[in-house]
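> Sharing a sequence plus its predicted fold:
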Amino acid sequence: MKIYMVGGAVRDGLLGLPVKDRDWVVVGATPEQLAGQGYEPVGRDFPVFLHPRTREEYALARTERKTARGYRGFAVQASPDVTLEEDLARRDLTINAMAQRTLDDGRLERIDPYGGERDIRQRVLRHVTDAFREDPVRILRLARFAARFDDFTVAPETLALMREMVADGEVDALVPERVWQELARGLMTPRPSRMFDVLRACGALAVLLPEVDALWGVPQRADYHPEIDTGLHVMMVIDMAARLDCSLAVRWACVCHDLGKATTPADILPRHIGHEGRSVKLLGPLCSRLRVPLECSELAELVAREHGNIHGSLAFGAAALARLFDRCDAWRKPDRFAQALLACECDARGRLGLDEKAYPQRPRLLAALEAARSVPTAPVAQAAAAEGLKGPAIGERILAARTEAIAAALA
């Protein structure tokens, strides 16, 4: 029995990055042998065990054979006869298909049958074998790696293979939960636009996110958007969100805030009158289709609907600001509103030549909201009730008190 550290831990070590998770492959062993040494079986589809002390995952070397369309149709074989090279051959990229172990004399043995170390030096993302085509999730994983390692390029033969997979309908078989999982991880990388670039280059974006793919080639007014192309603008916005270390919900809102521009009538281009409402209409089905978490979908809808008003809020007086807060439910959810403002700042600064420009709307609105929320509403409501007011009339009285507080803060 031989035990090797494999995959991302080896890759990150060679890249000089911190190794967070370590995975292990066991060659020449049976499940009974591992169980006899105290390893705890946890694998449902193939033999995976937890180390009795470290709780790290140890998997028996295995091979996989495609049996059906999609990423679930695999027959797995794990036995003592499966070699390390055979196990590594089923992995997605060469940079993830390396293994290493420490020998008895303390020397480090690295096994790299598919040129992963070479591709790390050359900064290339390359598939290991033609078995890459058997799992469409690998298209998403490669796109995510392109966003994480943004100085890597995709090997031409790998991009060609991905295009063949899309043309063969493999991407159509992906389940929504897995698509969202990979998209979410890619959005949290240092340069998420790279993920969309790769998905678009192989044709997968048009299948998975047609609402986003449709934004490329849509013109905008050059006085507001020097970058002109809407797709390019959205990519600049999500990269700005990464630069500002925004949450996943903010980054998703940045992706979706301008969806309606793809459906702007051609006769009014490059203006996009009413695109906010069209964006909201597209957002519902998109988030439902991908089963996007509620926190992300709600913030995306708020930003899509209100980002134009928030951008223009420097001209708003106290009453208009109070109505904006009311529409955004900022009284009850101030943290969500603060996240919306951050997404709007990314939108304003994610434009050609404007990345360093200040966004005064955010501090102004946060200060106004803080002043309004500091109003003790219970006494106001009690006084209104004592005057015989009920229901909405009491709400109007509270809103008026908050408006006065905003006016004082602005003054």
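Great, that's in hand. It should be emphasised that the depicted structure is a prediction, and the values quoted were computed from it without experimental measurement.
> And the helices in the stretch 51-200 of the chain?
Residue ranges of the helices in the stretch 51-200 of the chain, as given by DSSP state H, counting those that start in this stretch, are 84-89, 116-122, 137-148, 156-167, 176-187, 193-202.
> closest one to residue 8 among those?
helix 137-148 (9.9 Å; Cβ to Cβ). For the C-beta atoms, the positions are set from N, CA and C on the backbone; glycine is no exception.
> how about the strand or helix carrying residue 407: buried residues?
For residue 407, the host element (DSSP states H and E) is helix 392-410. Across helix 392-410, burial judged by 16 or more other Cβ atoms under 10 Å covers 394, 397-399, 401-407, 409.
> which secondary structure elements does that helix contact?
helix 318-327, helix 361-373, helix 377-386 (3 or more Cβ pairs under 8 Å, 6 or more residues apart in numbering; DSSP states H and E).
> what would the helices of the stretch 51-200 of the chain look like in JSON lines with mean neighbour count?
Formatted as JSON lines, these follow (neighbours: other Cβ atoms under 10 Å):
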{"stretch": "helix 84-89", "mean neighbour count": "19"}
{"stretch": "helix 116-122", "mean neighbour count": "17"}
{"stretch": "helix 137-148", "mean neighbour count": "24"}
{"stretch": "helix 156-167", "mean neighbour count": "16"}
{"stretch": "helix 176-187", "mean neighbour count": "19"}
{"stretch": "helix 193-202", "mean neighbour count": "23"}
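> circling back: got JSON lines for the buried residues of helix 392-410, with pLDDT and distance to residue 102 too?
Below are the buried residues of helix 392-410 laid out as JSON lines (pLDDT from 0 to 100; distance: Cβ to Cβ, whole Å):
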{"residue": "394", "pLDDT": "92", "distance to residue 102": "72"}
{"residue": "397", "pLDDT": "92", "distance to residue 102": "73"}
{"residue": "398", "pLDDT": "93", "distance to residue 102": "68"}
{"residue": "399", "pLDDT": "93", "distance to residue 102": "68"}
{"residue": "401", "pLDDT": "94", "distance to residue 102": "70"}
{"residue": "402", "pLDDT": "95", "distance to residue 102": "65"}
{"residue": "403", "pLDDT": "95", "distance to residue 102": "69"}
{"residue": "404", "pLDDT": "95", "distance to residue 102": "71"}
{"residue": "405", "pLDDT": "95", "distance to residue 102": "66"}
{"residue": "406", "pLDDT": "96", "distance to residue 102": "65"}
{"residue": "407", "pLDDT": "96", "distance to residue 102": "70"}
{"residue": "409", "pLDDT": "93", "distance to residue 102": "63"}
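> out of those residues, who's nearest residue 108?
The closest of the buried residues of helix 392-410, once distances to residue 108 are taken by Cβ to Cβ, is residue 409, at 62.6 Å.
> which residues does the closest one contact?
367-368, 370-372 (Cβ atoms under 8 Å, 6 or more residues apart in numbering).
> Disregarding flanking residues, what is the spatial nearest neighbour of it?
residue 371 (3.6 Å; Cβ to Cβ, 6 or more residues apart in numbering).
> coming back round to it: tell me which of the helices and strands packed on helix 392-410 sits nearest to residue 91.
Distance to residue 91, taken as Cβ to Cβ, is lowest for helix 361-373 among the helices and strands packed on helix 392-410, at 44.2 Å.
> What helices and strands are in contact with the closest one?
helix 294-311, helix 318-327, helix 334-349, helix 392-410.
> Name the residues of it that come out as buried.
Applying 16+ other Cβ under 10 Å to helix 361-373 flags 361-362, 364-365, 368-369, 371-372 as buried.
> relative orientation of it and helix 318-327 in degrees?
90 degrees (axes from the mean of the first three to the mean of the last three Cα atoms, to 10 degrees).
> Let the chain start at 821 from now.
Right, with 821 as the first residue, what we last looked at is helix 1181-1193.
> now helix 1181-1193, how far from the centre of its chain.
29 Å (Cα atoms, centre = their mean, to the nearest Å).
> Please save the CA atoms from it in PDB.
Coordinates of each C-alpha in helix 1181-1193 appear next as PDB, following Å, rounded to 0.1, in the frame of the first residue of the first chain:
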ATOM      1  CA  GLN A1181     -23.600  58.600  -3.200                       C
ATOM      2  CA  ARG A1182     -22.700  55.700  -0.900                       C
ATOM      3  CA  PRO A1183     -21.500  57.700   2.200                       C
ATOM      4  CA  ARG A1184     -24.300  60.200   1.700                       C
ATOM      5  CA  LEU A1185     -27.000  57.600   1.600                       C
ATOM      6  CA  LEU A1186     -25.500  55.600   4.500                       C
ATOM      7  CA  ALA A1187     -25.400  58.800   6.700                       C
ATOM      8  CA  ALA A1188     -29.000  59.700   5.700                       C
ATOM      9  CA  LEU A1189     -30.200  56.200   6.500                       C
ATOM     10  CA  GLU A1190     -28.500  56.200   9.900                       C
ATOM     11  CA  ALA A1191     -30.100  59.500  10.800                       C
ATOM     12  CA  ALA A1192     -33.600  58.200   9.700                       C
ATOM     13  CA  ARG A1193     -33.200  54.900  11.600                       C
END
